[in-house]
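Engineer: here's my sequence, what's the structure:
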Amino acid sequence: MSGAGKKPSYNAGRRIGWLMTAIIAAIVLYSAGWFWAADMVDRTVTASANDEDASLRFSCPGQDVRGFPFRIGVFCDAFEVAAVDGSFAASGNAVRSAAQIYDLRRVVAEIDSPVTVYDGTGMAFHFDWSMGRINAVAAPVNERMVAFEADDIRIGLDGVGELARADRLGLFAREAGTAVEVAMRPRALTVDPALVGDLALPPVGLDVDLRLEDWASTWASGPVSAGTGIVNRAALLLTDDRGVIIDGPFSLSADGLISGDFTVRIVDVPGVLAAARDVVPEFAPQIETLAAATPRQASMPDDELSLSFTVREGRVFAGLLPLGRIPPIRLDLSSGL
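Structural biologist: Model prediction:
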């Protein structure tokens with residue numbers, strides 16, 4: 001009876017052996033799957049580059065797919081891309097991209113400068129930076145996003161020289177249904193005086209956040225010429241605690257003329273007026289008169305001021321007082337994200 005009730009011996013070695021076999025098999029299958037996926041990515045990129053019906057043509061010398069075991073991405077020694085209609089072309093140095101295996105729709109890429117962009121007239125813009133990075137979400141449709149960040153960026157034009165530079169630049173665009181959300185944040189931005197009416201502007205920061213209503217589908221089908229939107233925030237920052245902040249709804253006509261109702265908040269009024277006197281001394285009396293004539297709001301600090309402006313087809317008014325004109329804005333964008 002004692003022999004019939006005896007438990008079988010526990011064979012730990014055999015179980016460990018089966019476990020190791022299963023682990024090795026899983027590694028082999030995963031590796032085979034990764035290299036199969038890498039081959040598919042390589043074939044897809046090559047087919048896209050050779051697609052004669054595509055609206056964009058590109059090349060990727062030294063193309064290679066890397067990232068094993070947990071990432072997958074395309075590496076190029078250089079790149080060239082051009083629109084078939086001749087509206088633009090670009091070329092640059094090495095590109096390194098990567099996506100996590102568990103989230104292939106989100107791609108991160110690094111681009112080595114310099115990058116040259118040619119517009120439809122053949123003008124060459126040169127972009128140089130110490131580090132440039134792109135973060136993109138490619139799917140699903142209507143939730144696509146792309147962001148670009150660069151340090152120590154410089155922008156130049158053939159025959160002119162350097163146009164602008166910034167310690168850091170961030171650009172962001174995202175589809176939100178039929179709308180497009182756009183943001184731009186350069187820091188310590190300096191601009192060639194020739195671009196701003198020979199004004200010697202000090203280094204400034206910009207913080208622009210826009211929502212463009214019903215423009216995503218328009219961008220996808222052709223050039224943008226008109227639309228409506230909201231300026232959530234457009235700030236010109238002289239320092240971290242001094243500057244001008246604008247918000248309000250706007251519309252853009254087919255002629256590029258802007259209309260809207262905007263609120264302008266000036267933070268550190270004395271400091272902003274002092275900077276205005278240095279940059280545009282001929283307008284300082286008008287600025288001070290407008291500031292003095294605007295009633296203070298009890299809810300705002302003593303050194304802040306809130307003004308309301310109306311823009312009608314490019315003409316700017318403070319109440320009934322005309323202040324000037326905004327020139328036509330030409331977007332001339334031919335594709336979406």
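
Engineer: mind checking how far the lengthiest helix in the chain is from the chain centre?
Structural biologist: Ordering each helix of the chain by length in residues (DSSP state H) puts helix 12-49 first. Taking the mean of its C-alpha atoms, helix 12-49 sits 36 Å from the chain's own mean (Cα atoms, centre = their mean, to the nearest Å).

Engineer: next one: stretch 119-127
Structural biologist: 19 Å.

Engineer: endpoints of that stretch, how far apart?
Structural biologist: Taking Cα to Cα, to the nearest Å, the first and last residues of stretch 119-127 lie 14 Å apart.

Engineer: contact partners of it?
Structural biologist: Applying Cβ atoms under 8 Å, 6 or more residues apart in numbering, the contact partners of stretch 119-127 are 86-88, 113-118, 150, 153-158. No exception for glycine: its C-beta is placed from N, CA and C like everyone else's.

Engineer: in the protein, which spans are helices?
Structural biologist: Listed in chain order, the helices of the chain (DSSP H) span 12-49, 216-221, 269-279, 284-293.

Engineer: lowest mean pLDDT across these, which one is that?
Structural biologist: Of all the helices of the chain, the minimum mean pLDDT falls on helix 216-221 (a mean of 55).

Engineer: residue ranges with poor pLDDT in the stretch 151-300 of the chain?
Structural biologist: Applying pLDDT under 70 to the stretch 151-300 of the chain flags the ranges 216-225, 283-284, 286-300.

Engineer: in the longest strand that the chain contains, what counts as buried?
Structural biologist: If you go by DSSP state E, the chain has its longest strand at strand 161-176. Residues of strand 161-176 classed as buried: 163, 165-166, 168-169, 171-175 (neighbour count, 16 or more other Cβ atoms under 10 Å).

Engineer: quick check: the farthest pair among those residues?
Structural biologist: Using Cβ to Cβ, the pair of the buried residues of strand 161-176 lying farthest apart is Arg165 and Glu175, separated by 30.3 Å.

Engineer: pLDDT weak spots in the stretch 1-150 of the chain?
Structural biologist: For the stretch 1-150 of the chain, applying pLDDT under 70 flags the ranges 1-11, 139-142.

Engineer: if we use 80, what do you get?
Structural biologist: The stretch 1-150 of the chain contains residues with pLDDT under 80 at 1-14, 120, 138-143.

Engineer: show me where it has strands.
Structural biologist: Counting by DSSP state E, counting those that start in this stretch, the stretch 1-150 of the chain has strands at residues 56-59, 64-66, 71-76, 79-83, 88-92, 95-100, 103-111, 115-119, 124-128, 131-137, 145-157.

Engineer: do you know which of these lies nearest Asn232?
Structural biologist: Closest among these, using Cβ to Cβ: strand 145-157, at 16.8 Å.

Engineer: parallel or antiparallel, which strands does the closest one pair with?
Structural biologist: Here strand 145-157 is paired, per DSSP bridges, with strand 124-128 (antiparallel), strand 131-137 (antiparallel), strand 161-176 (antiparallel).

Engineer: what does it contact?
Structural biologist: 123-137, 162-175, 337.

Engineer: next one: stretch 203-218
Structural biologist: 142, 175-190, 224, 227-238, 243, 336.

Engineer: repeat the analysis, applying 7 Å as the threshold.
Structural biologist: Residues external to stretch 203-218 that are found in contact with it (Cβ atoms under 7 Å, 6 or more residues apart in numbering): 175, 178-190, 224, 227-238, 336.

Engineer: buried residues in that stretch, which are they?
Structural biologist: 204-213, 215-216, 218.

Engineer: got the CA coordinates for that stretch in CSV?
Structural biologist: What follows is stretch 203-218, C-alpha atoms only, in CSV (Å, rounded to 0.1, in the frame of the first residue of the first chain):
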residue,chain,number,x,y,z
PRO,A,203,17.1,88.6,-29.6
VAL,A,204,13.5,87.5,-28.9
GLY,A,205,11.5,84.4,-28.2
LEU,A,206,8.3,83.5,-30.0
ASP,A,207,5.5,81.3,-28.7
VAL,A,208,2.9,80.7,-31.4
ASP,A,209,-0.1,78.4,-31.0
LEU,A,210,-2.7,78.3,-33.8
ARG,A,211,-5.7,76.2,-34.7
LEU,A,212,-6.6,76.3,-38.4
GLU,A,213,-10.2,75.2,-38.9
ASP,A,214,-11.1,73.0,-41.9
TRP,A,215,-7.6,73.4,-43.4
ALA,A,216,-6.4,69.8,-43.1
SER,A,217,-8.6,68.6,-46.1
THR,A,218,-7.7,71.7,-48.1
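
Engineer: now do it: distance to the chain's middle.
Structural biologist: 10 Å.

Engineer: quick one on the thing from earlier: cross the contacts of stretch 203-218 against strands and list the overlap.
Structural biologist: Checking the contacts of stretch 203-218 against DSSP E, those in strands are 175, 179-187, 190, 227-238.
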